[in-house]
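> Mind folding the following:
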Amino acid sequence: MSFASQSFSPEIVRALTECGYEKLTPIQQQAIPHARRGHDILANAQTGTGKTAAFSLPIIQQICDNPKQRSRFNVRALILAPTRELAAQIAKNIEDYTKYVSINVAAIYGGTKMASQEKKLEQGLDILVATPGRLLEHMELNNVSLANLEFLVFDEADRMLDMGFISDIRMIMNDIRTQPQTMLFSATFSSQMNKLSNEILRKPKRISVSPENATAETVAHVVYPVDDDRKRELLSELIGKKNWQQVLVFVNYKETANDLVKELKLDGIKAVLCHGDKAQSARRRALDEFKEGKARVMVATEVAARGLDIQGLPHVVNYDMPFLAEDYVHRIGRTGRAGQQGHAVSFVSREEELTLVQVEKLIRQRIRRIQLAGYEPANRDALLHKMHTKSAFKDRQGRTNNPTDQSDAERRARLRRAVLNKSKITKLKK
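Model prediction:
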């Protein structure tokens with residue numbers, strides 16, 4: 001099925017052709033017709049399935065069909081994303097789609113100057129892509145108006161909940177006076193996600209292109225049992241012996257990332273860093289070097305699990321198993337995209353066996369284990385027997401949210417109070 005068959009304008013189809021888009025992906029085939037008819041949408045879709053085009057193209061076409069004069073700080077369509085990288089990627093895609101039509105788009109997120117973002121907002125925007133925290137900051141300063149919002153999209157909604165953005169989302173929703181067409185896209189679902197969708201969606205069309213919480217069929221999964229203190233050595237050996245040329249490595253802590261990059265460089269493997277302590281410009285440079293093949297390995301924390309679009313990435317390594325089983329799905333979603341084959345490799349220590357069990361339960365498959373000679377973890381069999389026979393271990397639940405530091409929590413609380421006060425004042429004036 002072609003994009004022209006969906007009655008998109010010739011200008012949009014031309015831009016999509018230049019992007020290399022030929023046929024609609026399954027999520028696009030299901031979502032676009034409903035979105036074109038104005039329905040709210042609740043979609044379960046993995047990364048790399050083409051969901052950005054699925055929600056943005058109908059919005060772009062409707063804005064083109066119904067042009068309006070832009071007004072100061074006014075936004076017609078708002079797309080919320082959990083991370084800077086994802087927000088930037090969505091905005092870049094939309095810029096590519098709108099190359100031959102008169103639509104302006106901007107992305108606002110932390111790590112860049114407020115003043116430059118304010119200038120973009122002041123002229124009025126057809127489409128705004130934002131992270132919840134930075135959007136609230138601009139709302140506090142009256143730099144953005146959602147009074148005439150027509151379209152609202154939540155991308156990677158599950159990740160926003162994991163990161164503790166639920167209160168921010170509710171504050172944003174409280175400032176919306178219209179009834180925008182709303183679309184919620186998520187790779188995983190939970191009771192909290194279902195509750196949120198019930199709050200914000202009106203008779204949504206539910207779309208699923210794969211089983212909930214599943215991973216792409218194009219990804220081959222494998223686990224290497226290994227002690228923590230041997231992981232770095234194992235990584236270097238696999239990269240060398242298997243001649244891996246492009247490897248995205250996920251760790252849980254910034255300190256681990258810093259140390260690992262240093263060690264890899266000592267082994268003669270060029271590696272770059274991507275984590276929260278790095279400036280946005282530094283993270284962008286690291287990603288560019290990795291994409292261009294100047295660096296063989298990129299070591300990243302969870303901040304990079306969303307929004308990274310690396311064409312043809314062959315290998316993702318979980319150096320540390322993620323805190324949340326759901327994050328495994330998002331991490332490995334960087335590989336096996338657009339129908340290409342990918343490999344998800346996980347290093348699992350004795351202490352991480354519980355997380356592995358939760359991951360296998362989530363994705364509904366048992367992951368193949370490879371024991372590499374010389375890297376056998378000590379006493380692993382005894383631990384596995386205990387885990388699979390003792391109910392205290394079998395029934396234990398993992399964490400439900402990632403931690404946020406106190407300063408960030410305080411900042412969000414201040415913003416919520418400010419936006420709430422603004423909302424009360426607006427109501428009194430009316």
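> is it true that Ile200 touches Thr182?
Yes: counting by CB atoms under 8 Å, Thr182 is a contact partner of Ile200 at 5.8 Å. (Each C-beta comes from the backbone N, C-alpha and C, glycine too.)
> Comparing these two, which residue is more hemmed in?
The residue with more neighbours, out of Ile200 and Thr182, is Thr182; 22 against 19, by other CB atoms under 10 Å.
> Wait, a helix at Phe55?
Yes: counting by DSSP: H, G, I helix; E, B strand; the rest coil, Phe55 is part of a helix.
> CA atoms only for stretch 40-54 - export them in CSV, please.
Extracted C-alpha coordinates of stretch 40-54, given in CSV (Å, rounded to 0.1, in the frame of the first residue of the first chain):
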residue,chain,number,x,y,z
ASP,A,40,-8.5,9.2,19.0
ILE,A,41,-6.0,6.4,18.9
LEU,A,42,-4.4,4.0,21.4
ALA,A,43,-1.6,2.2,19.7
ASN,A,44,0.8,-0.5,20.8
ALA,A,45,3.9,-0.3,18.5
GLN,A,46,7.6,-1.0,19.0
THR,A,47,10.3,1.4,18.0
GLY,A,48,11.4,1.2,14.4
THR,A,49,7.9,0.4,13.1
GLY,A,50,7.3,3.7,11.5
LYS,A,51,5.0,5.2,14.2
THR,A,52,6.3,8.8,13.8
ALA,A,53,4.9,8.9,10.3
ALA,A,54,1.8,7.1,11.5
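> what residues are shared contacts of Ile200 and Thr182?
Shared contacts of Ile200 and Thr182, defined by CB atoms under 8 Å, 6 or more residues apart in numbering, are found at Leu152, Phe154.
> What's the separation between Met298 and Tyr253?
Between Met298 and Tyr253 the distance is 16 Å, computed by CB to CB, to the nearest Å.
> Same drill for the two, tell me which one is more crowded.
Using other CB under 10 Å as the criterion, Met298 and Tyr253 rank with Met298 on top: 27 against 12.
> secondary structure class for the more buried one?
Using three-state DSSP, the structure places Met298 in strand.
> mind listing what it touches?
For Met298, the contacting residues are Val247, Leu248, Val249, Ala271, Val272, Leu273, Cys274, Ala286, Leu287, Phe290, Ala304, by CB under 8 Å, 6+ apart.
> Run through the bridge partners of the first one.
Yep, that's Val247 we're talking about. Counting by DSSP bridges, Val247 is bridged to Val297, His315.
> quick one, what contacts it?
Neighbour list for Val247: Ile239, Arg296, Val297, Met298, Pro314, His315, Val316, Val317 [criterion: CB under 8 Å, 6+ apart].
> wait, which of the residues you listed is closest to Glu140?
Closest approach to Glu140 among the contacts of Val247 (CB to CB): Met298, at 34.7 Å.
> quick one: contacts for the residue lying closest to that closest one once chain neighbours are set aside?
Take Met298 and drop its neighbours on the chain: the residue closest to it by CB to CB, 6 or more residues apart in numbering is Phe290, 4.2 Å away. Contact analysis of Phe290 by CB under 8 Å, 6+ apart lists Gln246, Leu248, Val272, Val297, Met298, Ile310.
> If you rank those residues by neighbours, which is first?
Met298 (27 neighbours).
> and it, how far is that from Val345?
With CB to CB as the criterion, Met298 and Val345 are 15 Å apart.
> quick one on the thing from earlier: now, which of the contacts of Met298 sits nearest Asn104?
Using CB to CB, these come closest to Asn104 at Leu287, 25.1 Å.
> Settle this for me: the closest one is touching Leu273, isn't it.
No: assessed by CB under 8 Å, Leu287 is found out of contact with Leu273, at 10.5 Å.
> on that earlier part again, now the contacts of Phe290 in a markdown table, with pLDDT?
Shown next, in a markdown table, are the contacts of Phe290 (pLDDT from 0 to 100):
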| residue | pLDDT |
| --- | --- |
| Gln246 | 92 |
| Leu248 | 94 |
| Val272 | 93 |
| Val297 | 95 |
| Met298 | 93 |
| Ile310 | 75 |
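> How far does stretch 93-107 stretch from one end to the other?
Stretch 93-107 has an end-to-end distance of 11 Å (CA to CA, to the nearest Å).
> What mean pLDDT does it get?
What stretch 93-107 shows for mean pLDDT is 96.
> where's it relative to the chain centroid, distance-wise?
Stretch 93-107 sits 21 Å away from the centroid of its parent chain (CA atoms, centre = their mean, to the nearest Å).
> Kindly report the same for stretch 18-36.
Relative to its parent chain, stretch 18-36 has a centroid offset of 20 Å by CA atoms, centre = their mean.
> Now that stretch - C-alpha only, CSV.
C-alpha atoms of stretch 18-36 as CSV (Å, rounded to 0.1, in the frame of the first residue of the first chain):
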residue,chain,number,x,y,z
GLU,A,18,12.9,11.5,-1.1
CYS,A,19,13.0,10.1,2.5
GLY,A,20,13.0,6.6,0.9
TYR,A,21,9.5,5.7,2.0
GLU,A,22,7.8,3.4,-0.5
LYS,A,23,5.1,1.3,1.2
LEU,A,24,3.2,1.8,4.5
THR,A,25,4.3,-0.2,7.5
PRO,A,26,1.7,-2.2,9.4
ILE,A,27,1.3,0.5,12.1
GLN,A,28,0.9,3.1,9.4
GLN,A,29,-1.7,1.0,7.5
GLN,A,30,-3.8,0.7,10.6
ALA,A,31,-3.4,4.1,12.2
ILE,A,32,-3.4,6.5,9.3
PRO,A,33,-7.0,5.9,8.1
HIS,A,34,-8.4,6.3,11.7
ALA,A,35,-6.3,9.4,12.3
ARG,A,36,-7.4,10.9,9.0
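> Contacts made by that stretch with the rest, please.
In contact with stretch 18-36 (CB under 8 Å, 6+ apart) are residues 1-3, 6-7, 41, 43, 45, 49-51, 53-55, 57-59, 61-62, 96-97, 99, 181, 183, 205, 207, 209.
> how about the strands in the stretch 101-250 of the chain?
Taking DSSP state E, counting those that start in this stretch, the strands of the stretch 101-250 of the chain run over residues 105-108, 125-130, 151-154, 181-186, 205-208, 219-225, 247-250.
> Using JSON lines, please lay out these together with distance to Leu356.
Shown next, in JSON lines, are the strands of the stretch 101-250 of the chain (distance: least, CB to CB, whole Å):
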{"stretch": "strand 105-108", "distance to Leu356": "36"}
{"stretch": "strand 125-130", "distance to Leu356": "35"}
{"stretch": "strand 151-154", "distance to Leu356": "30"}
{"stretch": "strand 181-186", "distance to Leu356": "23"}
{"stretch": "strand 205-208", "distance to Leu356": "26"}
{"stretch": "strand 219-225", "distance to Leu356": "7"}
{"stretch": "strand 247-250", "distance to Leu356": "15"}
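> Great, nothing more from me.
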